[in-house]
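Asks: sequence and computational prediction follow.
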Amino acid sequence: MGRMVLIVAAGWAALLCGCFVLGLGPGGGGGHGAIGWGATAAGVLVHASAVAVLRVVGRRVRGAERSHPPASPGGRFGPRAARNADRVVPIAGSAPLLLLLAALTGPTARPTPPGEAGLGHLALCSVALGFNLAALAIEVVSIRSQLRLLRDASSPADPPGPTPDRRSVAPGTSPGRPP
């Protein structure tokens, strides 16, 4: 589930960067507005699905913690998973709003004479692009961290390692060395 979100997020990041580059072309680039609105809608879905994955994996961490009590003494994984998800929510909530603000200042949202899309739209798009890519990186790191917590919470605490059988070792030799 996390891998699927990451693949979709990488496609969205490419769409967002392509829209930005297309808008830098002469005359604002053909299709820049339509691609921009599509990237804005896709951004909302990507950030919302990243938060959903974080919440679902956090719930699975708490469930694994309950089912393997010796592996996680004192409930140390559940609170960490909740903190990971809570740290991402403000970033994931504000990133699409910044995209929407950039889209609303563009020439497709309000009619302007050709060539006067404005420096404000370019500045907002630059800030939105940088912030959304940084938010995406934070979400990716958080999802990976949640999956690591899930793995740690569901594995036994100290699995017993193999011990050499002292009875089968010939006198005068060690278990790792041939006679």
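Replies: Noted; the coordinates are in hand. Numbers count the residues shown, from 1 in each chain.
Asks: give me the buried stretch members for the worst-scoring helix or strand of the chain on mean pLDDT, please.
Replies: Within the chain, no helix or strand scores below helix 2-23, which has a mean of 83 by mean pLDDT, DSSP states H and E. For helix 2-23, a neighbour-count test (16 or more other CB atoms under 10 Å) marks 2, 5-6, 9, 12-13, 15-16, 19-20, 22-23 as buried. C-beta here means a position set from N, CA and C on the backbone, and glycine is covered the same way.
Asks: show me what the next helix or strand after it is packed up against.
Replies: On the C-terminal side of helix 2-23, the closest following helix or strand by DSSP states H and E is helix 32-67. Packing contacts for helix 32-67, counted by 3 or more CB pairs under 8 Å, 6 or more residues apart in numbering; DSSP states H and E, involve helix 2-23, helix 77-104, helix 119-154.
Asks: mind saving the C-alpha coords of the first one as CSV?
Replies: As requested, C-alpha coordinates have been extracted for helix 2-23 and formatted as CSV (Å, rounded to 0.1, in the frame of the first residue of the first chain):
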residue,chain,number,x,y,z
GLY,A,2,2.8,2.4,0.9
ARG,A,3,4.7,1.6,-2.3
MET,A,4,1.6,2.3,-4.4
VAL,A,5,1.2,5.7,-2.9
LEU,A,6,4.9,6.4,-3.5
ILE,A,7,4.7,5.5,-7.2
VAL,A,8,1.6,7.7,-7.6
ALA,A,9,3.4,10.5,-5.7
ALA,A,10,6.4,10.3,-8.0
GLY,A,11,4.1,10.6,-11.1
TRP,A,12,2.4,13.6,-9.5
ALA,A,13,5.7,15.2,-8.8
ALA,A,14,6.7,14.8,-12.5
LEU,A,15,3.3,16.3,-13.5
LEU,A,16,3.8,19.2,-11.2
CYS,A,17,7.4,19.9,-12.5
GLY,A,18,6.2,19.5,-16.1
CYS,A,19,3.4,22.0,-15.5
PHE,A,20,5.9,24.5,-14.0
VAL,A,21,8.3,24.1,-17.0
LEU,A,22,5.4,24.4,-19.5
GLY,A,23,4.3,27.6,-17.8
